[in-house]
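Chemist: I'll drop the sequence and a predicted model, then ask my questions.
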Amino acid sequence: MGLIILLALALAPGVAIGLYIYLKDHHEREPIALLIKAFLFGALATLITLAINIPISQFIPINETDLKEQAVHAFLIVALVEEFSKFIFVRGIFYRNENFNEPFDGIVYSVMVSMGFATLENVLYVWSGGVGTALLRMFTAVPAHACFGILMGYFLGKAKFEHRKSHYAIYALLVATLFHGAYDYFWFISFLPVIWIGSLVALGMALFLSRKAIHIHHIASPFREQEEHLETPVENSDQIVND
């Protein structure tokens, strides 16, 4: 029973956030099968990250109390590798899919890949850390991965629909890496008093920007304009009848 509870705690946040983003897709929701595929590719990205980071950690030892080395660890070895592992699936597979037909879809697919990544990572951490680790990561690491995914997806949505401005795809990777690296860095140097608060600040900023990104892409949806045009004749016909 204990293992079942641990597994449930590890799976719950990623699944809940994925469902939340799915329901936030107000205008034209993505096929469930495609979202499950994105989630599974995210889990695969976790394995790719491990395959890259394990050899790196053997050849590039990091001094746990050196602030510069921990910065390299946080921003390059961890954040860049993890976000790039997610990015290659979102940009290489789902970006090209015909169902990616509005800016908000960038957020949807990026978050689904991120939640697949975070969920498998969560299972590995919770397996060794127990309930305390599960509860801590439920409110920190998993939501953080969701925010990084939203920011990545926001720029991928702009890259595809704003006159094919492909440089936004570079921004997608860089911004997600920047926030991810900042979040991790303050945790990595938490041997300094109260410095871990920096991670919460980074998460708070990412959450604030994520909410704005969702709102902006909702407004930018071409399906929103179509719905408004469809509603207008109905309103006019009601007015004619009332007159």
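Modeler: Received, thanks. Residues are numbered from 1 along each chain as shown.
Chemist: What separation do you get for the most centrally placed residue in the chain and residue 45?
Modeler: Taking CA atoms, centre = their mean, the centroid of the chain lies closest to residue 149, which sits 1.9 Å from it. Distance, residue 149 to residue 45, using CB to CB, to the nearest Å: 11 Å. All C-beta atoms are positioned from the backbone trio N, CA, C, and that covers glycine.
Chemist: contacting residues around the residue nearest to the centre of the chain?
Modeler: 86, 107, 110, 111, 112, 113, 114, 115, 176 (CB atoms under 8 Å, 6 or more residues apart in numbering).
Chemist: mind listing which of the residues you listed are in helices?
Modeler: Among the contacts of residue 149, the residues falling in helices (DSSP state H) are 86, 107, 110, 111, 112, 113, 114, 115, 176.
Chemist: correct me, but the first one touches residue 42?
Modeler: Yes: taking contacts as CB atoms under 8 Å, residue 86 lies within contact range of residue 42: 6.4 Å.
Chemist: list residues touching both of these two?
Modeler: With CB under 8 Å, 6+ apart as the test, residue 86 and residue 42 both reach 113, 114, 117.
Chemist: Just name the closest of those to residue 125, please.
Modeler: The closest of the shared contacts of residue 86 and residue 42 to residue 125 turns out to be residue 117 (CB to CB; 12.5 Å).
Chemist: Quick check, that closest one in contact with residue 88.
Modeler: No: under the criterion of CB under 8 Å, residue 117 makes no contact with residue 88, lying 11.9 Å away.
Chemist: Counting by contacts, list what the longest helix seen in the chain packs against.
Modeler: The longest helix of the chain (DSSP H) is helix 32-59. Identification of packing neighbours for helix 32-59 by 3 or more CB pairs under 8 Å, 6 or more residues apart in numbering; DSSP states H and E yields helix 2-24, helix 81-89, helix 104-129.
Chemist: Deepest in the core, which of those helices is it.
Modeler: helix 104-129 (a mean of 25; mean count of other CB atoms under 10 Å).
Chemist: For it, name the packing helices and strands.
Modeler: Looks like helix 104-129 contacts helix 2-24, helix 32-59, helix 81-89, helix 131-138, helix 141-161, helix 197-220 (3+ CB pairs under 8 Å, 6+ apart).
Chemist: Would you format these as a markdown table with distance to residue 70 and mean pLDDT included?
Modeler: Below are these laid out as a markdown table (distance: least, CB to CB, whole Å; pLDDT from 0 to 100):
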| stretch | distance to residue 70 | mean pLDDT |
| --- | --- | --- |
| helix 2-24 | 26 | 94 |
| helix 32-59 | 13 | 95 |
| helix 81-89 | 15 | 98 |
| helix 131-138 | 20 | 95 |
| helix 141-161 | 17 | 97 |
| helix 197-220 | 12 | 96 |
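Chemist: so which of those gets nearest residue 167?
Modeler: That would be helix 141-161 among the helices and strands packed on helix 104-129, by CB to CB, at 7.6 Å.
Chemist: Measure how buried residue 51 is and give me the count.
Modeler: 11 (other CB atoms under 10 Å).
Chemist: Tell me the spacing between residue 141 and residue 18.
Modeler: For residue 141, the distance to residue 18 - CB to CB - is 15 Å.
Chemist: same deal with residue 126?
Modeler: To residue 18, residue 126 is 18 Å away according to CB to CB.
Chemist: other SSEs contacting the helix or strand just after the longest helix of the chain?
Modeler: Note on helix 32-59: by DSSP states H and E, the next helix or strand toward the C-terminus is helix 67-72. Applying 3+ CB pairs under 8 Å, 6+ apart, one finds that helix 67-72 makes contact with helix 167-188.
Chemist: just the angle between the helix it packs on and helix 197-220, please?
Modeler: 150 degrees (axes from the mean of the first three to the mean of the last three CA atoms, to 10 degrees).
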